[in-house]
Structures are given as structure tokens and as C-alpha cells.
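J.: curious how this folds, go ahead:
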Amino acid sequence: MVEPPEPTSPPEDRIELLLPETASGRLDRALAALELGISRSNLQRWIEEGRVLLEGMPATRRSRARPGHRVEIFPAPPPPSEAIAQDLPLEILYEDEHLIALNKAAGVVVHPAPGHPDGTLVNALLFHAELRDGGDPMRPGIVHRIDKGTTGVMVVAKTVPAREGLVALFAEHRIERAYLAICLGRPPQRHTFTTLHGRHPTDRKRFSGRVRTGKRAVTHLERLEELHGASLLRCRLETGRTHQIRVHLKEAGHPLLGDPLYGRPPRDPLLREQAMALGRPALHAAVLGFVHPITAETLRFEVEPPADFRSALEALRAAAPTSPSMS
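T.: Here you go, the predicted model:
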């Protein structure tokens, strides 16, 4: 028999409760529904670690909830975190007691990571608000990410229920996400990429759709405008894999303008000039829409690309043989 762990947190942190009459199904799901201020992912981890007792015995992943059963939870101490509050600029689009929608600037890393211990979006958020989402303390509130060089709309959770709800919306693809992109060449007017997605077999910094095993990745592409040697695109995400749009466009022969990882310096002087001026992939998260996980209000945020993106767009538009309007 597995012995329960010695509590490493103060005795007052121990949680003891009787499951209510409504309790049913898997234990981790039933406990998460009680709004204890603990995320389901933490409950699952603590069950694996033997920190949850059911009727005096260590619970397992298959343990079922029954009305009246006694549950004891010995919370694990939070792992060390170097995330500190820093007074950094934030562009808030919407905020309530549950979540924050914001416009991320170029060059901002979303959360602390090797090589980026501070100066991140998380550091700014910790200064601005209390994030009690019960998730990873290195990335509190973060339910999705956009790359360092990508700009645009993100949503951040402030509470456990908001986090759980937003995670479910992303997992069930019930989030509207549309990006504006400037890519090289002329992709089809409309196209849907459906590929597998995984680590590149030889370059661990990159991802690829040309893998034997991986997660499903789907991007819906629409060409909005033909530019000088390039195209303005709207890319609608059905899934949200790391570097997904960048990978799909690169492997289709149309890498993003300015992408240092998946592209190469263009031969055309104007394209090269604009890529160098950008210094980052020409990708902007323009639209984010979803149903508020707590209030059920329909929220939709749309933000214009930043000045460097618009400058590149105007330069390439002016040099194009024809300049049709954006549709």
C-alpha cells in the first residue's frame, strides 16, 4: 500500500471535506467542481503524488466520487518561481474580476523562460493584477501564447474558474482567432492547411508539418491583397500549435516576411529592406473572440497591426503593379 506523504505545508493548509450529494464521476473532476481554488490539473498531479486521500486511502486517477465520502488533500508547496512583479507597460483592452484581454507588443516574451527571467508579459501582469488561477506559478494566468515577435490580442485568466473555462474553449476550438500576415509570393486565394505538427527532426528550435507523428494542425488561409513580391493574408486558426502559421506558410513555399527562423533574406531589394526594418515575422493576432467562461457574455476584440507592420504593408502596396483594396 502506498503511504500518504508527510505534509510539507503547514497543518492548516490541509483540506478535509465530505463530498456533497451531487458528487459523481471521476474524483478529480468532482473536486474541481467544488470551487476550492485549486485547478483540476493540480488536483490530478496531487492524486498522482498520493496527496489526496479518499476514505483514508490514497486516491488514484480512476477513483470515483461518491456522496458522503471523506476526502483529505495535502497541497504540495508551490515550486520555486522567479516571476516577479515589474512595472512594465500593458495595453489592456478589457478587464473584469475573471480575465484580462490585452494587445501584446512586438518583442515581448509571454512568460519567464531560460534566457528571459524577467521583463515578460507575466512580470507586467503580476504588477497590474492578482492572478489566482491555480496554474503554473511560472506562467500564472497564461492559457495560450503568441510568439515573441508576434503582436496582437491575448486573453489571460485571473481566477481558477476562468482558467478552466478558457482552457476548455481552446481545447474544443470554440475560440475565434484570426491573424494578419505578410508572406512572400502568391499563395492560393483560399486554402486550408491540414497537417500533423511536431518538432523538426534535425532542428529542435523549429517545428514541422512533415512528421510521421504529431498533433493535428489546421490553418484556413485567405489572400486579401497582392503586394510587391508578397501577399497580405488573413489566417484563421482552427488549432493553435507552436509556430503553426509560420510552419504552414514556410512549407508551402511562402514564408513570412522577416521570419528569421523559417525564412531567409529575400533577394528583392525592397523586400529585403522591409524584412530588415521589421526584424521579426510579419504576423499579427488581429482578432480574438469567445464566450466569457463565467458571465456567458460574447466578447470579441479586434486590433490594428502596429506601426512597423503597417509601414511594410504600405511600402509593398505602393510598389505593387496594382493595389486592390483589402477585402
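J.: going forward, measure contacts and count neighbours with C-alpha atoms only.
T.: Noted.
J.: show me where pLDDT drops low in the chain?
T.: 1-12, 78-82, 114, 322-327 (pLDDT under 70).
J.: now the strands: where do they sit in it?
T.: Taking DSSP state E to define them, one finds strands in the chain at 15-18, 52-54, 57-58, 70-73, 92-95, 99-104, 151-157, 176-184, 190-199, 207-208, 215-227, 230-237, 283-291, 298-302.
J.: can you redo those strands as TSV with mean neighbour count and distance to L271?
T.: Putting the strands of the chain into TSV (neighbours: other C-alpha atoms under 10 Å; distance: least, C-alpha to C-alpha, whole Å) gives the following:
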stretch	mean neighbour count	distance to L271
strand 15-18	13	61
strand 52-54	22	59
strand 57-58	18	62
strand 70-73	19	59
strand 92-95	14	33
strand 99-104	21	25
strand 151-157	25	20
strand 176-184	24	9
strand 190-199	17	23
strand 207-208	22	25
strand 215-227	20	10
strand 230-237	23	8
strand 283-291	22	15
strand 298-302	15	27
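J.: make TSV from those strands and add distance to H243 to it.
T.: As requested, the strands of the chain are exported to TSV (distance: least, C-alpha to C-alpha, whole Å):
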stretch	distance to H243
strand 15-18	41
strand 52-54	38
strand 57-58	41
strand 70-73	39
strand 92-95	24
strand 99-104	16
strand 151-157	13
strand 176-184	12
strand 190-199	10
strand 207-208	7
strand 215-227	10
strand 230-237	11
strand 283-291	11
strand 298-302	21
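J.: what about the nearest residue to G263 once chain neighbours are set aside, neighbour count?
T.: Leaving out its chain neighbours, the residue that sits closest to G263 by C-alpha to C-alpha, 6 or more residues apart in numbering is P255, at 5.4 Å. P255 is flanked by 27 other residues according to other C-alpha atoms under 10 Å.
J.: ramachandran coordinates for P255?
T.: phi -60, psi 160 (degrees, to the nearest 10).
J.: number the chain from 52, please
T.: In the new numbering, first residue 52, that becomes P306.
J.: quick one: residues contacting it.
T.: Going by C-alpha atoms under 8 Å, 6 or more residues apart in numbering, P306 touches C234, L235, R297, V298, L300, Y313, G314.
J.: what's the answer for A326, then?
T.: Counted by C-alpha under 8 Å, 6+ apart, A326 has contacts L308, G309, D310, P316.
J.: which of the residues you listed tops the neighbour count?
T.: Counting by other C-alpha under 10 Å, top hit in the contacts of A326: L308 with 30 neighbours.
J.: ok, that residue touching C234?
T.: Yes: if you go by C-alpha atoms under 8 Å, L308 and C234 touch, sitting 5.3 Å apart.
J.: need the residues touching each of those two.
T.: Common neighbours of L308 and C234 are listed as A333 (criterion: C-alpha under 8 Å, 6+ apart).
J.: so L334 versus V173, what's the distance?
T.: Using C-alpha to C-alpha, to the nearest Å, L334 is found at 21 Å from V173.
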